[in-house]
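Undergrad: Test case, fold it:
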Amino acid sequence: MIPDDATLTEEGIAPVGPGQVLLIACGALAHEILALKRANGWDHMTLSCLPAKLHLHPEGIPDAVEAAVTAAKDRYARIFVVYADCGTGGLLQARCAALGVEMVEGPHCYSFFEGNDRFAELADEEFTAFFLTDFLVRQFDAFVWRPMGLDRHPELRDMYFGNYTKLVYQAQTEDPALTEKARACAQRLSLPFERRFTGYGDLAPALARA
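TA: Residues are numbered from 1 along each chain as shown. Just a heads-up that it's a prediction; the model follows:
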């Protein structure tokens, strides 16, 4: 059973059960990865997640990934890292290459959910868009509102978000309640709202190759 979002944010998931391939992923992707595993019968894969809160300090991601790979490398035939660059400035890719493991292509999850090619096409016109995924909508307070101090100083909202032109909710699932929560997030940030169903984007073929 998948842990709740608070656990995925703070603790992640330790690898449980047998499998030939270990997926070391961000906790923010746990729901999507497990859904793809079930849909495709990928029983040879075992999921391990690092705490999603690492994204608040992405400079810590390469070391955390290396520690997880080192701890597990003798127990699995293959390890695949389910992170994109995620704000590490190329350091994660370099670390994965040194460790001899592959990772998801792309600059961040917004890109691979949209599809990296499509995200690149839209980059110029959506440079001022603020993106949320299913997980980030559910964890909006933990990843946006509180870390930016908006719970204590809501007057900072315009300083942080005054140059954004819209909030784009990249929906991985068809969930009306989550859409309404995303809309409420846009209202809290005083941004126009756009919902875009992306599904799992490039995540699905990346896992299929693993």
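
Undergrad: what kind of secondary structure is the residue lying farthest from the centre of the chain in?
TA: Taking Cα atoms, centre = their mean, the residue of the chain most remote from its mean C-alpha position is residue 155, at 28.2 Å. When classified by DSSP: H, G, I helix; E, B strand; the rest coil, residue 155 comes out as helix.

Undergrad: and the gap between residue 92 and residue 151?
TA: Counting by Cβ to Cβ, to the nearest Å, the separation of residue 92 from residue 151 is 30 Å. Using the backbone N, CA and C atoms, a C-beta is placed for each residue, glycine as well.

Undergrad: Residue 15 too?
TA: 35 Å.

Undergrad: higher neighbour count, those two?
TA: A direct count of neighbours by other Cβ atoms under 10 Å for residue 15 and residue 151 places residue 15 higher, at 18 against 10.

Undergrad: Correct me if wrong: that one contacts residue 21.
TA: No: the pair residue 15 / residue 21 is not scored as a contact, 10.9 Å apart, by Cβ atoms under 8 Å.

Undergrad: Could you pull out the residues contacting both of the two?
TA: residue 46 (Cβ atoms under 8 Å, 6 or more residues apart in numbering).

Undergrad: Return the distance of residue 74 relative to residue 113.
TA: Distance of residue 74 to residue 113, computed by Cβ to Cβ: 33 Å.

Undergrad: who has more neighbours, these two?
TA: residue 113 (26 against 6).

Undergrad: Name all residues that make contact with residue 164.
TA: With contacts defined as Cβ under 8 Å, 6+ apart, the neighbours of residue 164 are 128, 129, 130, 189, 191.

Undergrad: wait, is the last one part of a strand?
TA: In this case it means residue 191. No: remark: residue 191 does not belong to a strand; assigned using three-state DSSP, it is coil.
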